[in-house]
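[1] Predicted model and sequence follow; I will ask about them next.
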Amino acid sequence: MGEQIKQVQALQIYDSRGNPTVECTVRLANGVVGTGLVPAGASVGRHEALELRDGDPHRLMGKSVYNALDNIEKIIAPAIRNLDVLDQKHVDQTMIDLDGTENKAKLGANAILAVSMATASAAAATKRIPLYDYLGDGVNRLLPLPQVQIFGGGAHSAWRTDVQDFLIIPLAATTYTQALEMIYNVYHTTASWLKKNGNNYGVADEGGFWPAFENHHQVLQTMVKCIEQAGYRPGDEIAIALDIAASELYDGKVYRLKLENRTLTSSELIRELVQWCKDYPIISLEDPLADIDQLGWEALYVELGDQIQLIGDDLFTTNCKRIKQGVEQSLANAVLVKPNQIGTVSETLEAIRYTQQVGWLPVISARSGETEDSFIAHLAVATNSGQIKVGSFSRSERMAKWNELLRIERCLKDRAKFVGKKIFQGVC
Ligand code: PGA
Ligand code: ZN
């Protein structure tokens, strides 16, 4: 009885870009509370669930979320009051039914997800177990291999580069703690290298550096140099991953690389990416092609699908139906998982489970506009996902996730598992 939902409150807070977003607090009959804080993207996929903003030009430049708060307190709260907090599926399905649209456009995915996350966190709290234990039924122990941004580009850095994320993966790490130490060494070696070379830098939305580069080769060469200077063998010990976020570069016909003043057809971009993978130690490509360029995805999969990880982000938008189509058409071998692309915890878990069932790799991901919430750190461990990507190695909204995983690792002690690069075995 004490585990019934009694009160649901919503608050407009601000994300890491200073934009308004939704926080929800769920209070149970026994007094236990849980909160959920929703992030926001900049390179938003066209098939994502809808983020409801008020659109009033006189208030927070149209970005306020007061309607979403109202939806939580006036529509969702009465419908889920007295429901069992431990029945996440029922709570989520109640909100999906209340909304009634395909993309959660009526109540807003930001409203629904905030309640869904707060429900899960209240449930874990009332059971007095960590969230990763609750979401993972207490059996999952796998700490994820991190993908960490070194340089930020695209929509996150006023288009300093066309490619959105230049990341590293510490393949040789044997524990999560060691993985972060390797990341630290490369991140700070890069900072020193930029200073020494007079390439003034700031940090992009996700905390990666954004110096001035002339072309993408220069970025990749700099990464290889900094990995070496930090004392690691590129490829063997630390590999490169790219999020091209190619939907942002595509106009329906061609891809525009503004930095290099070039326009490429789909097959030209594929040729270019295949060449990059030969010339540089790249192990993973995310959104190498636009979400609507399906023929491009098919062709790239034939070229690289058995050699590197090919992740669909905008392509799948954490949507099980879209992932299923991708599996049938052999478009990729991995799925980026962002809970706010789909809008409930249950549907996110379903997308992860399906991805794993078909032998693909789920990569749990933050958004470029984040909060101090570390829900996704728990989600990664709970689902044995094996990989996580939360931006760079700076800024507290990023460090909140990396640090939470350190706490989880310590909490698990010798029950913690870390398979590192073995996660890629059998996939690529
Ligand atoms: P977004 O960026 O949150 O702006 O979509 C993250 C990503 O593309 O992976
Ligand atoms: Zn992406």
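    Thanks, I have it. Residues are numbered from 1 along each chain as shown. Ligands and ions are numbered 1, 2, ... in the order given.
[2] And the strands in the protein?
    5-14, 20-28, 33-37, 145-152, 165-169, 239-243, 255-257, 262-264, 282-286, 309-312, 334-337, 361-365, 387-389 (DSSP state E).
[3] Mind exporting the C-alpha coordinates of the fifth one to CSV?
    These are the backbone C-alpha positions of strand 165-169, laid out as CSV (Å, rounded to 0.1, in the frame of the first residue of the first chain):
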residue,chain,number,x,y,z
ASP,A,165,31.7,14.3,-32.4
PHE,A,166,35.4,13.1,-32.4
LEU,A,167,35.5,10.6,-29.7
ILE,A,168,37.9,8.0,-28.2
ILE,A,169,37.3,4.5,-26.9
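[4] I'd like to know which elements it is packed against.
    strand 145-152, helix 216-229, strand 239-243, strand 282-286 (3 or more Cβ pairs under 8 Å, 6 or more residues apart in numbering; DSSP states H and E). Where you see a C-beta, it was placed from the backbone N, CA and C, and this is true even at glycine.
[5] Highest mean neighbour count out of those?
    strand 145-152 (a mean of 27; mean count of other Cβ atoms under 10 Å).
[6] packing partners for it?
    Against strand 145-152 (3+ Cβ pairs under 8 Å, 6+ apart) you get strand 165-169, helix 176-196, helix 216-229, strand 387-389.
[7] which one of these lies closest to ligand 2?
    Closest of these to ligand 2 is strand 165-169, at 6.9 Å (criterion: Cβ to the ion).
[8] so where's the stretch 51-200 of the chain shaky on pLDDT?
    Along the stretch 51-200 of the chain, the model assigns pLDDT under 70 to no residue.
[9] Where does it get nearest to ligand 2, which residue?
    For the stretch 51-200 of the chain, the residue closest to ligand 2 is Gln164, as judged by Cβ to the ion, at 6.5 Å.
[10] swap in the chain?
    Among the residues of the chain, Asp313 lies closest to ligand 2, at 3.5 Å counting by Cβ to the ion.
[11] how far does stretch 41-61 sit from the chain's center?
    18 Å (Cα atoms, centre = their mean, to the nearest Å).
[12] is it anywhere near ligand 1?
    Yes: contact of stretch 41-61 with ligand 1 (Cβ under 6 Å from any ligand atom) involves 41-44.
[13] quick one on the thing from earlier: residues near the residue of the chain closest to ligand 2, how many?
    By other Cβ atoms under 10 Å, the residues close to Asp313 number 29.
[14] got a list of what it touches?
    Neighbouring residues of Asp313 by Cβ atoms under 8 Å, 6 or more residues apart in numbering: 45, 243, 245, 286-287, 336, 338, 365.
[15] Could you list which of those also contact ligand 2?
    Among those, the residues within reach of ligand 2 (Cβ under 5 Å from the ion) are 243, 286.
[16] Columns pLDDT on top of the contacts of Asp313, output as TSV?
    Listed next are the contacts of Asp313 as TSV, based on pLDDT from 0 to 100:
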residue	pLDDT
Gly45	95
Asp243	98
Ala245	98
Glu286	98
Asp287	98
Leu336	98
Lys338	98
Ser365	98
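[17] buried subset of the contacts of Asp313?
    Neighbour-count burial (16 or more other Cβ atoms under 10 Å) applied to these gives 45, 243, 245, 286-287, 336, 338, 365.
[18] which residues sit in contact with Thr35?
    Thr35 touches 23-26, 117-118, 121, 373, counting by Cβ under 8 Å, 6+ apart.
[19] ditto for Ile311
    Each residue near Ile311 by Cβ under 8 Å, 6+ apart is listed here: 243, 284-287, 332, 334-336, 361, 363.
[20] go on, Trp297?
    Residues near Trp297 by Cβ under 8 Å, 6+ apart: 288-289, 312, 315, 326, 329, 331-332.
[21] now for these, which pair is the farthest apart?
    For the contacts of Trp297, the maximum inter-member distance is 15.4 Å, found between Pro288 and Gln329 (Cβ to Cβ).
[22] and these two? which has more neighbours close in?
    Neighbour count, other Cβ under 10 Å: between Pro288 and Gln329, Pro288 has more, with 31 against 12.
[23] Thought Ser247 was touching the more buried one, still the case?
    No: Pro288 is beyond contact range of Ser247, at 10.7 Å (criterion: Cβ atoms under 8 Å).
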